[in-house]
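Chemist: Sharing a model prediction with you, sequence too.
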Amino acid sequence: MPFKKGCFHVAIQSQCAIQPVVVSRYFFLDSKRKCFRRGKAVIKILPEIETKGMDKENVNALLES
């Protein structure tokens, strides 16, 4: 699904950096029984993306980066 743009507007208006976080697929979810089994999820924190000096015209470029 595509990203929603609202959080990017907020980041630009507040001139705060965006901290991307990636979570691995969770193979320990039993979708038929709707429960979790033992397992691991890998969470990776990527370098932050600065928004200082950006305005609302930069939202689409920020979304792509």
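Modeler: Nice, I can see it. Numbers count the residues shown, from 1 in each chain.
Chemist: The top helix by length along the chain: what's the following helix or strand?
Modeler: When the chain is parsed with DSSP state H, its longest helix is helix 6-14. Note on helix 6-14: by DSSP states H and E, the next helix or strand toward the C-terminus is strand 21-23.
Chemist: Tell me which residues are up against that next one.
Modeler: 41-46 (C-beta atoms under 8 Å, 6 or more residues apart in numbering). C-beta coordinates here come from the backbone N, C-alpha and C atoms, glycine included.
Chemist: and K44, which of the three is it?
Modeler: Following DSSP: H, G, I helix; E, B strand; the rest coil, K44 is assigned to strand.
Chemist: re earlier: ok, so of the contacts of strand 21-23, who is nearest I12?
Modeler: Relative to I12, the closest of those is L46; by C-beta to C-beta it sits at 18.7 Å.
Chemist: didn't that closest one look like it was pressed against A17?
Modeler: No. Contact status for L46 versus A17: not in contact, 11.5 Å apart, counting by C-beta atoms under 8 Å.
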